[in-house]
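A.B. asks: Sequence first, then the predicted structure:
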Amino acid sequence: MSPAEEKTEEKQAPTREDIKKVLECLLFITEQPLPTAKLCQCAGTKDAELVAELVGEIKIELERKNSAVMLAEVAGGFQMATRPEFAAHVRKLFADRMTMKLSRAAHETLSIIAYKQPLTRAEIEEIRGVDVIAALETLLEKRLVKVVGRKETVGRPLMYGTTVDFLRRFGLKGLEDMPPLESFAAAEPAVAASAPPVPQEASAQPQEQN
Amino acid sequence: MSPAEEKTEEKQAPTREDIKKVLECLLFITEQPLPTAKLCQCAGTKDAELVAELVGEIKIELERKNSAVMLAEVAGGFQMATRPEFAAHVRKLFADRMTMKLSRAAHETLSIIAYKQPLTRAEIEEIRGVDVIAALETLLEKRLVKVVGRKETVGRPLMYGTTVDFLRRFGLKGLEDMPPLESFAAAEPAVAASAPPVPQEASAQPQEQN
Amino acid sequence: MAYEVHLEMFEGPLDLLLFLIKKDDLDITNIPIARITGEYLSYLEIMKDLNLETAGDFLVMAATLMAIKARSLLPSQDEEVAASEEEGPDPRAELMARLMEYQKFKEAAKFLEASAEKSKDVFYRGAPRFDDSQKTLNIGIFDLLESLREILDRCPDKSREIAGEEFPIEEKIAKILALIDKNRRATLQEIFADETKRRGILSCFLALLELVKLQKVFIRQDEPFSAVSIYKREEVADVAR
């Protein structure tokens, strides 16, 4: 057993390819996006740089061979996902297990939670000016928000925050992917009026009719 | 019609390769083994023979290229699964999910739901005498309970019930497997201990050191 | 009224105010308080006619508006006195700040909706799946109330008598469903076309809300200020599965 000698050892150090296969396997089976640290831990390596590199390779290879799945970077981690072009088929598969789309009002409650988390129901209601318990329950049930703790005030009310599923649903890598709240401030009418005329108007238009 | 002519049509009949990609995608994303009939339906073809053939090809290709996943034929259907040699890594991935510990409050809430389902949050709160939203949220997140409908009363509140995961985690064949409610004097912390049956048992464990 | 409609009122007084500001193209930083108070109260009136469960929130806001209005009517030097006497923050400025703050979240919600639209075709294992092919209600309660107001304005019958002819909601529900069954959709105008009595219109409107709540129909306005249509909702699979 000369080269095999090593093999009889408890375990040989895994090769680059070995680790890559393990990563593929993990990224495939996981139900949550996996951050690099978690991938390292499950693959049994401390080399985060290598893992990041291999993940990048996996992503490119899937694209190159035009695979049915792709590697998505979402919610602070990586996870395989189906490619958008197959959406119609996937929808057929899950036709009887689809959850209803959110109403606009539920999206509003969600946006408050996303920007102000962690916050209590009373705090949401103060911003919305209306009882939000029904909306909150919908969001909890759809796993877009969760209880993240209790506020240390009278009654120790629950505080809510967004979830990984929130980020996945909205295709965000992280909360920092959301534009700053201030960017949604209503343009001051004065400013809007004095805004420079956008050049595109008539000049560019003509060529571009179809 | 010549092939070129077909292309200009709104939608061309999908090629063999197209269908194969769709099948790969479906076999990846499904949570349950898919019988050929279901695959046909979701892929939008009536040709069961072709589908069976393509599934066979997918299986062989995955083996040939020594992929991290394999096509498993289980329970009368097909589904992608991780290869057994990666079991140790996969187990690490799901470790925190499997060694899930429930708080006492979550336990109590779960047993109320298990015995009284379907019931609403308000009904649970009436029994427990306290706010259960946090416990309920934990149980929803761990997929031990789910929304099973709405009660046709004022406000149409959501009703909760236990899931298949609940049965699996507690090793029950069905709800009728649960001891009759009357047989309990106090809450059972024992249930937590009997927790999660891990797919593959200890057999693979010993090798797995590092 | 044997039949009561309970709406999950997702929208509150601030939504109503923002709706009115947008509708009349007003400047949110400088709301004409008398005008907006008048409009606000007229909506409240309709909500009362409909017997909608208006949470106390709407009444509290009405009181706030009227207080601001009263204060603004004081002669200016008294205003200074009043301000220094109360030494509380200016309620008008406070209200506008709240509105502007909330407005930002409403815009952020649109960003979220657009993001969902972009990533709706990507499916992950373990993630909840939303039925994005489904059309949903995209119109607020106040847009609907606005339509209702127009319909009521055109109706010659202004009687508020409770006694007399009955207009059971169940009948109106049947009527609406029959209309939609024909073409899978109907416009708001079609639904109210044969209603000649004020109470009939109100009952028909409640029937519509009830159908939305029961998820039998959804209401859409595909473009702002375009015609409002009611669509039949495909039977959604049981949530239980």
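C.D. replies: It's in. Worth saying up front: this structure is predicted, and the values here are computed from it rather than measured. Numbering: from 1, shown residues only, chains lettered A, B, ... in the order given.
A.B. asks: Where does pLDDT dip in chain C?
C.D. replies: In the predicted model of chain C, residues C:1-9, C:53-55, C:75-88, C:133-138, C:160-165, C:223-225, C:234-241 satisfy pLDDT under 70.
A.B. asks: switch the cut-off to 80
C.D. replies: Filtered on pLDDT under 80, chain C yields the residue ranges C:1-10, C:51-56, C:72-89, C:128, C:131-140, C:157-166, C:213-215, C:221-227, C:233-241.
A.B. asks: Please enumerate the helices of it.
C.D. replies: Ranges of helices in chain C, per DSSP state H, are C:13-23, C:33-49, C:56-73, C:76-86, C:91-119, C:141-154, C:169-183, C:188-192, C:198-213.
A.B. asks: for these, which one sits closest to B:Gln41?
C.D. replies: helix C:91-119 (25.6 Å; CB to CB). (Each C-beta comes from the backbone N, C-alpha and C, glycine too.)
A.B. asks: neighbours around C:Lys213, how many?
C.D. replies: Burial of C:Lys213 is recorded as 15 neighbouring residues (other CB atoms under 10 Å in any protein chain shown).
A.B. asks: wait, isn't it in contact with B:Val154?
C.D. replies: No: C:Lys213 lies out of contact with B:Val154 (CB atoms under 8 Å); the separation is 11.5 Å.
A.B. asks: Count the neighbours of A:Ala37 for me.
C.D. replies: For A:Ala37, the neighbour count with other CB under 10 Å is 11.
A.B. asks: Can you give me every residue that contacts it?
C.D. replies: By CB atoms under 8 Å, 6 or more residues apart in numbering or on different chains, the contact list for A:Ala37 reads A:Ala48.
A.B. asks: That one: helix or strand, and which one exactly?
C.D. replies: Per DSSP states H and E: A:Ala37 is located in helix A:36-43.
A.B. asks: list the helices and strands the longest helix anywhere in chain A packs on?
C.D. replies: For chain A, the helix that runs over the most residues, judged by DSSP H, is helix A:48-64. When contacts are defined as 3 or more CB pairs under 8 Å, 6 or more residues apart in numbering or on different chains; DSSP states H and E, helix A:48-64 packs onto helix A:16-29, helix A:36-43, strand A:69-74.
A.B. asks: Export these as a markdown table, with columns for distance to A:Leu140 and mean pLDDT.
C.D. replies: Listed next are these as a markdown table, based on distance: least, CB to CB, whole Å; pLDDT from 0 to 100:
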| stretch | distance to A:Leu140 | mean pLDDT |
| --- | --- | --- |
| helix A:16-29 | 27 | 92 |
| helix A:36-43 | 25 | 91 |
| strand A:69-74 | 21 | 93 |
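A.B. asks: Please convert the ones you listed to TSV, extending it with distance to A:Glu53.
C.D. replies: Below are the helices and strands packed on helix A:48-64 laid out as TSV (distance: least, CB to CB, whole Å):
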stretch	distance to A:Glu53
helix A:16-29	9
helix A:36-43	10
strand A:69-74	13
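A.B. asks: Mind putting the helices of chain C into TSV with distance to A:Thr30?
C.D. replies: Converted to TSV, the helices of chain C look like this (distance: least, CB to CB, whole Å):
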stretch	distance to A:Thr30
helix C:13-23	40
helix C:33-49	49
helix C:56-73	44
helix C:76-86	59
helix C:91-119	18
helix C:141-154	41
helix C:169-183	44
helix C:188-192	48
helix C:198-213	38
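A.B. asks: Would you mind listing the residues in contact with A:Met80?
C.D. replies: A:Met80 touches A:27-28, A:69-72, B:28, C:124-125, counting by CB under 8 Å, 6+ apart.
A.B. asks: Repeat the analysis, applying 10 Å as the threshold.
C.D. replies: Applying CB atoms under 10 Å, 6 or more residues apart in numbering or on different chains, we find A:Met80 in contact with A:24, A:26-30, A:58-59, A:62, A:67-72, B:28-29, B:69, C:124-125.
A.B. asks: hmm, who's touching the longest helix of chain A?
C.D. replies: Contacts with helix A:48-64, where a contact means CB under 10 Å, 6+ apart, come from A:16-17, A:19-24, A:26-28, A:34-41, A:43, A:45, A:47, A:67-73, A:77-78, A:80, A:83, B:68.
A.B. asks: Out of those residues, which end up buried?
C.D. replies: In terms of neighbour count (16 or more other CB atoms under 10 Å in any protein chain shown), the buried residues within the contacts of helix A:48-64 are A:19-24, A:26-28, A:34, A:38-41, A:43, A:45, A:67-69, A:71-72, A:77-78, A:80, A:83, B:68.
A.B. asks: Over to A:Thr15: give its phi and psi.
C.D. replies: Torsion angles at A:Thr15 (phi, psi; degrees, to the nearest 10) stand at phi -80, psi 170.
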